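Visitor: Whatever this is, show me its structure:
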Amino acid sequence: MKQKEVYIPFCDHCAVQRNSVFKNLTKEEIELINFEKEFRIYKRGDVLYNEGSRISGFYCVNRGIIKVFKTGIDGKEQIIRFAKSGDIIAYRSVLSNEPACTTAKVIEDAGVCFIPSGLLYKFIKDNSSFSMDMMKLTCHELGEANAYITDIAQKTVRERLAEIIIHLINDFDIDSEGYLQISLTREELANIVGTATESVIRLLSEFKSDKLIELNGRKIKIINQKMLEKISNFFG
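Guide: Now for the predicted structure:
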């Protein structure tokens, strides 16, 4: 049987089309990534790297969705973020030369470019525009982490769940029928909000009764985004 060919994306296309962190690299630097990167295919449930492991490079998502999370003492996941097309992950561990502080697991079949750490060091050293883009990205993610800590301390679980739904709309959009274009389990939603799965199940049922959303298995249909924004006190 003839083996199916794997399409390997070119970084110059991704950098321009997705306004990625690589957009200010020179043509020669882009060609260097294309030459040295390794394109990998992952299925749902596959793990790219584990918390505490040493990694020799970072990852750029070409397609699919990857959840990045930390594991608590009781083994419960705390989801930090979802990485989608154009996002990079694991770069902070590479820059700090420390073991990975998170685990990355595929929740939607993905194609990912693995880029050796030496290239990241080289581009930061040689390309001031790339260095600035990396600094902006790091500061943005730090700002998001600070906002999350504030939410945990000051918002109710109901407010946080509404805000998470708004963030998911902004990050992944909705399809022509109004459904979020990311499918999550109730446990995964709870692990983002920072609460028990039972609480999320109850609140989703309340949102449905209030005609804010509709539920179809893991899929969530957005009915009243304005009211969700009002409940969440989110105006981003």
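
Visitor: Could you list the low-pLDDT ranges of the protein?
Guide: 1-7, 12-19, 234-236 (pLDDT under 70).

Visitor: what's the domain layout of it?
Guide: 11-128, 152-232 (automatic domain parsing).

Visitor: nearest to L142, of those domains?
Guide: domain 11-128 (9.9 Å; CB to CB). Where you see a C-beta, it was placed from the backbone N, CA and C, and this is true even at glycine.

Visitor: And the biggest helix by length in the chain, what does it pack against?
Guide: Criterion DSSP state H: the longest helix present in the chain is helix 128-154. Packing partners of helix 128-154 (3 or more CB pairs under 8 Å, 6 or more residues apart in numbering; DSSP states H and E): strand 77-83, helix 117-126, helix 157-172.

Visitor: Would you format these as CSV with mean neighbour count and distance to S96 included?
Guide: Output for the helices and strands packed on helix 128-154, formatted as CSV (neighbours: other CB atoms under 10 Å; distance: least, CB to CB, whole Å):
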stretch, mean neighbour count, distance to S96
strand 77-83, 20, 16
helix 117-126, 15, 11
helix 157-172, 19, 26
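
Visitor: Now for I231: which residues touch it?
Guide: R158, E159, A162, L212 (CB atoms under 8 Å, 6 or more residues apart in numbering).

Visitor: how near is the last one to K105?
Guide: Which is L212. 29 Å (CB to CB, to the nearest Å).

Visitor: Please apply the same query to the third one.
Guide: A162 sits 25 Å away from K105, taking CB to CB as the criterion.

Visitor: Equivalent analysis for the second one, please.
Guide: Taking CB to CB as the criterion, E159 is separated from K105 by 27 Å.

Visitor: now do N50
Guide: In this view, N50 and K105 are 9 Å apart by CB to CB.

Visitor: Show the backbone phi and psi for R44.
Guide: phi -50, psi 130 (degrees, to the nearest 10).

Visitor: what about it, how many residues close to it?
Guide: Burial of R44 is recorded as 12 neighbouring residues (other CB atoms under 10 Å).

Visitor: what distance separates the longest helix of the chain from the centre of its chain?
Guide: Centroid separation between helix 128-154 and its chain, computed with CA atoms, centre = their mean, to the nearest Å, is 13 Å.

Visitor: Ok, stretch 145-165 next?
Guide: 17 Å.

Visitor: What of stretch 174-183?
Guide: Distance, centroid of stretch 174-183 to centroid of chain: 17 Å (CA atoms, centre = their mean).
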